[in-house]
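Visitor: Structure for the following, please:
(one chain, ligands or ions: 4)
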Amino acid sequence: MPVLNRQVANILDRLADTLDIEGANEFRVRAYKSAAQTIRSLSKNVSEMVENNEDISKLPNIGDSMADKIKEIVETGSLKQLKKAKKRIPEGLIDLLDISNLGPKRVQKLNQELDIKNIDDLKKAAKDEKIREIEGFGKKTEEKILEESEKQISDKEKDRLKWRDAREITEPLLDYLKKLDEIDQIDIAGSYRRCKETIGDLDILVICEDSKKTMEHFVSYEDTDDVISKGDTRSSIRLTSGLQVDLRVVSKKSYGSALVYFTGSKAHNIKIRKIAGDKDLKINEYGVFKGDDQVAGKTEEEVYEQIDLKYIEPELREDRGEIDASRNDDLPKLVTLEDIRGDLQSHTKASDGKYTMEEMVNAAKEKGYDYFAITDHSQRVTMARGLNEKRMEEQIKKMEELNKEIKGIRILKAVEVDILEDGSLDLEDEILKELDVVVCSVHYNRNLSQKKQTKRILKAMENPYFNILGHPTGRIIQKRDPIEVNMEEIFKTAKDYNIHMELNASPERLDLSDFYCKTARETGIKIAISTDAHMKSHLDNMIYGVNQARRGWLEKEDVLNTHKWSNLKKMLKRN
Ligand code: DGT
Ligand code: CA
Ligand code: CA
Ligand code: ZN
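Guide: Ligands and ions are numbered 1, 2, ... in the order given. Okay, the predicted model is just below:
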């Protein structure tokens with residue numbers, strides 16, 4: 001396996017950070033950082049360049065001695081200099097540099113004075129008000145440090161893959177595994193099957209005729225970076241993306257119970273095990289047992305039936321009430337991709353989209369949609385060349401003309417209008433009232449206090465043309481925190497006004513969360529699952545939104561864009 005550019009760059013970055021904390025010369029630190037950047041952005045694999053004796057010292061930011069270090073990494077997979085440096089300082093210290101007002105000097109001081117070795121130590125010291133006592137820190141700094149360290153995504157969370165990214169890696173692996181004739185059945189279990197926003201590792205189950213051959217085939221997958229373990233019934237590999245994959249061979253008579261067990265969630269498993277116990281049954285990954293006799297286990301349905309439950313869809317298995325609902329035959333009939341009749345948020349070249357209105361509408365028509373809302377940004381979003389009143393008028397005319405021209409799909413005249421800091425909307429009512437759908441979103445002033453932010457949105461909702469709250473919390477998975485709002489209060493008002501919530505289907509956003517989807521449904525609010533497409537290909541993101549909606553217990557009825565236009569039109573009437 002050749003060493004990947006990413007791996008080389010990571011080692012150089014690590015070394016730079018380590019030297020930085022040790023107080024090394026600034027130029028030396030920067031040299032390693034720049035070299036890492038060069039390697040990361042190379043179009044060729046640096047390992048191959050070394051192998052072909054290409055002169056890598058000719059690359060930008062890389063001199064003779066840097067080239068030698070890169071060669072060492074390529075040839076040995078590591079760098080002695082880094083190993084030595086790491087021994088000199090605790091590893092978690094490097095992460096402290098991610099806190100914005102902590103430079104290497106301060107990190108060093110925290111380590112010396114309070115023996116802080118990682119983010120957790122830092123958090124604790126800040127909470128115990130110990131940091132303010134160190135010379136040069138003070139109360140304000142301590143508060144800032146606490147605030148930021150609490151926001152730091154733990155290393156564990158950073159290592160998780162977004163579901164979409166996991167899918168891109170998983171599908172070719174599945175295709176590869178299915179090529180082996182000896183594999184009779186194969187399923188992915190775990191959080192991937194439950195369609196969680198992010199995936200820790202992949203859990204695959206198979207029924208096969210020859211487990212030795214199956215394992216051999218599995219660990220020979222070309223994208224394997226490392227074989228962690230290899231046995232007859234279980235093996236683990238790490239793919240080059242860093243994703244760990246566990247493969248388990250299961251017997252036919254245990255397959256259903258193994259699927260239940262490894263699909264999880266753990267909380268769901270614990271609950272059903274307890275129910276079984278109360279009935280003097282035992283449930284584990286091998287089956288359902290009465291004494292020593294196996295009474296079920298071949299299929300999942302069979303397992304649930306033994307404890308008087310109806311089959312529960314994987315997306316619901318989170319111990320959020322699904323077990324009681326199943327017992328009472330009151331499970332939701334979850335929305336599916338096929339139920340979707342249109343898309344209620346999209347952008348064109350008029351603002352920050354990449355295609356013309358015609359191109360986007362035709363792409364939507366190809367998806368078989370009945371209707372399609374064009375929602376370009378309003379003027380406040382200057383970066384996206386948002387529309388002012390005059391350009392919006394032109395846009396409306398264009399939509400009307402195109403609607404006459406294009407058959408088989410209805411263009412909904414729409415906008416994504418900004419909710420300004422004072423709670424007013426970014427376009428005049430005169431314009432908004434001409435539109436079929438008005439999506440309203442927060443893009444600026446995201447850092448208001450919860451009270452102010454909530455008030456701002458509630459104020460905006462008083463506007464009689466406000467239909468849908470776009471990407472309600474503005475969070476971006478693993479990148480940007482949600483704005484702070486009182487969601488319950490927003491839901492209550494939305495219910496009163498007949499305003500709907502968006503579930504933004506972009507795999508980076510998935511905003512609303514599954515939890516809030518469920519709460520919205522319980523409040524009686526409808527959800528628009530919208531791709532927010534900026535390109536034609538983004539229209540395919542609908543599936544990620546549907547997955548999230550299913551985790552949020554949504555039925556077809558609960559989703560605005562499963563309804564016929566004649567119904568939807570009525571549902572968009574404001575109270
Ligand atoms: P992940 O990988 O962190 O995204 O989440 P999962 O849910 O895939 O968790 P994972 O890979 O650790 O384990 C797969 C499933 O195996 C999990 O959903 C439930 C089951 N499982 C794992 N550990 C336990 C346990 O200690 N008790 C029970 N009852 N089930 C477990
Ligand atoms: Ca897993
Ligand atoms: Ca696992
Ligand atoms: Zn937006």
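Visitor: I'd like to know how far residue 534 sits from ligand 1.
Guide: 29 Å (Cβ to the nearest ligand atom, to the nearest Å). (C-beta placed from N, C-alpha, C; glycine too.)
Visitor: What does the pLDDT read for that residue?
Guide: With respect to pLDDT, residue 534 has a value of 97.
Visitor: Return the residues in contact with it.
Guide: Each residue near residue 534 by Cβ atoms under 8 Å, 6 or more residues apart in numbering is listed here: 346, 347, 352, 353, 354.
Visitor: Pick the one among those residues closest to ligand 3.
Guide: Ranked by distance to ligand 3 (Cβ to the ion), these are led by residue 346 at 37.4 Å.
Visitor: Which positions are bridged to that closest one in the beta structure?
Guide: Beta-bridge pairing for residue 346 (DSSP bridges): residue 533.
Visitor: For burial, what's the neighbour tally of it?
Guide: By the criterion of other Cβ atoms under 10 Å, residue 346 has 29 neighbours.
Visitor: ok, it to residue 533 distance?
Guide: Distance of residue 346 to residue 533, computed by Cβ to Cβ, to the nearest Å: 4 Å.
Visitor: now do residue 541
Guide: Distance of residue 541 to residue 533, computed by Cβ to Cβ: 7 Å.
Visitor: Which one's more surrounded, these two?
Guide: Shown here are residue 541 and residue 533; by other Cβ under 10 Å, residue 533 has more neighbours (27 against 23).
Visitor: separation between the more buried one and residue 357?
Guide: Plainly put, residue 533 is 12 Å away from residue 357 if you go by Cβ to Cβ.
Visitor: what do you get for residue 422?
Guide: 31 Å.
Visitor: Determine the number of other residues adjacent to the residue lying closest to residue 410 once chain neighbours are set aside.
Guide: Nearest residue to residue 410, sequence neighbours excluded (Cβ to Cβ, 6 or more residues apart in numbering): residue 371, at 4.3 Å. Applying other Cβ under 10 Å, we find 21 residues neighbouring residue 371.
Visitor: Report pLDDT for residue 371.
Guide: 98.
Visitor: can you pull up the bridge partners for it?
Guide: Following DSSP bridges, residue 371 is listed with bridge partners residue 342, residue 410.
Visitor: If I follow the layout properly, it ends up in contact with residue 412?
Guide: Yes - look at residue 371 against residue 412 with Cβ atoms under 8 Å: they come within range, at 5.4 Å.
Visitor: So for those two, which residues contact both of them?
Guide: Common neighbours of residue 371 and residue 412, counting by Cβ under 8 Å, 6+ apart, are residue 342.
Visitor: nearest spatial neighbour of residue 445, skipping sequence neighbours?
Guide: Nearest non-adjacent residue to residue 445, counting by Cβ to Cβ, 6+ apart: residue 421, 4.4 Å away.
Visitor: Skip the chain neighbours and tell me the closest residue to the residue in the stretch 1-150 of the chain positioned nearest to ligand 2.
Guide: Ligand 2 sits closest to residue 6 of the stretch 1-150 of the chain, with a gap of 22.9 Å, by Cβ to the ion. Excluding the flanking residues, the one nearest residue 6 by Cβ to Cβ, 6+ apart is residue 40, at 6.6 Å.
Visitor: What are the neighbouring residues in contact with the one you found?
Guide: Shown in contact with residue 40 (Cβ under 8 Å, 6+ apart): 5, 6, 9.
Visitor: in the stretch 351-500 of the chain, which spans are strands?
Guide: Per DSSP state E, counting those that start in this stretch, the stretch 351-500 of the chain carries strands over the ranges 371-374, 410-418, 437-441, 468-469, 500-504.
Visitor: Apologies, that question was intended for the stretch 101-250 of the chain.
Guide: For the stretch 101-250 of the chain, strands defined by DSSP E, counting those that start in this stretch occupy the ranges 161-162, 183-188, 198-199, 202-208, 224-230, 234-239, 244-249.
Visitor: how about those strands, which one is nearest residue 52?
Guide: When the strands of the stretch 101-250 of the chain are compared by Cβ to Cβ, strand 224-230 sits nearest residue 52, at 22.3 Å.
Visitor: That closest one to strand 244-249, inter-axis angle?
Guide: Computed by axes from the mean of the first three to the mean of the last three Cα atoms, to 10 degrees, the angle separating strand 224-230 from strand 244-249 equals 40 degrees.
Visitor: Mind listing what's buried along strand 224-230?
Guide: Across strand 224-230, burial judged by 16 or more other Cβ atoms under 10 Å covers 224, 225.
Visitor: Name the strands paired with that strand and say parallel or antiparallel.
Guide: Applying DSSP bridges, one finds strand 224-230 paired with strand 234-239 (antiparallel).
Visitor: check which helix or strand covers the residue of the stretch 1-150 of the chain closest to ligand 2.
Guide: Per DSSP states H and E: residue 6 is located in helix 5-22.
Visitor: And that helix, how far out from the chain middle?
Guide: Helix 5-22 has its C-alpha centroid displaced from the chain centroid by 27 Å (Cα atoms, centre = their mean, to the nearest Å).
Visitor: Using PDB, write out every CA atom in it.
Guide: Output in PDB follows, covering the C-alpha atoms of helix 5-22 (Å, rounded to 0.1, in the frame of the first residue of the first chain):
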ATOM      1  CA  ASN A   5      -0.600  12.300   0.300                       C
ATOM      2  CA  ARG A   6      -3.000  13.000   3.100                       C
ATOM      3  CA  GLN A   7      -1.000  10.800   5.500                       C
ATOM      4  CA  VAL A   8       2.200  12.500   4.600                       C
ATOM      5  CA  ALA A   9       0.700  15.900   5.100                       C
ATOM      6  CA  ASN A  10      -0.800  14.900   8.400                       C
ATOM      7  CA  ILE A  11       2.600  13.900   9.800                       C
ATOM      8  CA  LEU A  12       4.200  17.200   8.700                       C
ATOM      9  CA  ASP A  13       1.300  19.100  10.200                       C
ATOM     10  CA  ARG A  14       1.700  17.200  13.500                       C
ATOM     11  CA  LEU A  15       5.400  17.900  13.600                       C
ATOM     12  CA  ALA A  16       4.700  21.600  13.000                       C
ATOM     13  CA  ASP A  17       2.200  21.800  15.900                       C
ATOM     14  CA  THR A  18       4.500  19.900  18.200                       C
ATOM     15  CA  LEU A  19       7.500  22.200  17.400                       C
ATOM     16  CA  ASP A  20       5.200  25.200  17.900                       C
ATOM     17  CA  ILE A  21       4.300  24.200  21.400                       C
ATOM     18  CA  GLU A  22       7.900  23.600  22.200                       C
END
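Visitor: relative to strand 224-230, how tilted is it?
Guide: Relative orientation of helix 5-22 and strand 224-230, computed by the same axes, to 10 degrees: 90 degrees.
Visitor: other SSEs contacting helix 5-22?
Guide: helix 26-40, helix 64-76, helix 80-88, helix 104-114 (3 or more Cβ pairs under 8 Å, 6 or more residues apart in numbering; DSSP states H and E).
Visitor: Now do it: everything it contacts.
Guide: Where contact means Cβ under 8 Å, 6+ apart, the residues beyond helix 5-22 that reach it are 28-30, 32-33, 35-37, 39-40, 42, 45-46, 69-70, 73-74, 77-79, 81-82, 85-86, 88-89, 93-94, 97, 104, 107-108.
Visitor: possible to save the strands of the stretch 101-250 of the chain as TSV with mean pLDDT?
Guide: Output for the strands of the stretch 101-250 of the chain, formatted as TSV (pLDDT from 0 to 100):
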stretch	mean pLDDT
strand 161-162	94
strand 183-188	98
strand 198-199	96
strand 202-208	98
strand 224-230	93
strand 234-239	96
strand 244-249	98
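Visitor: Turn the ones you listed into TSV, including distance to residue 569.
Guide: Shown next, in TSV, are these (distance: least, Cβ to Cβ, whole Å):
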stretch	distance to residue 569
strand 161-162	35
strand 183-188	40
strand 198-199	37
strand 202-208	44
strand 224-230	53
strand 234-239	48
strand 244-249	48
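Visitor: Many thanks, we can stop here.
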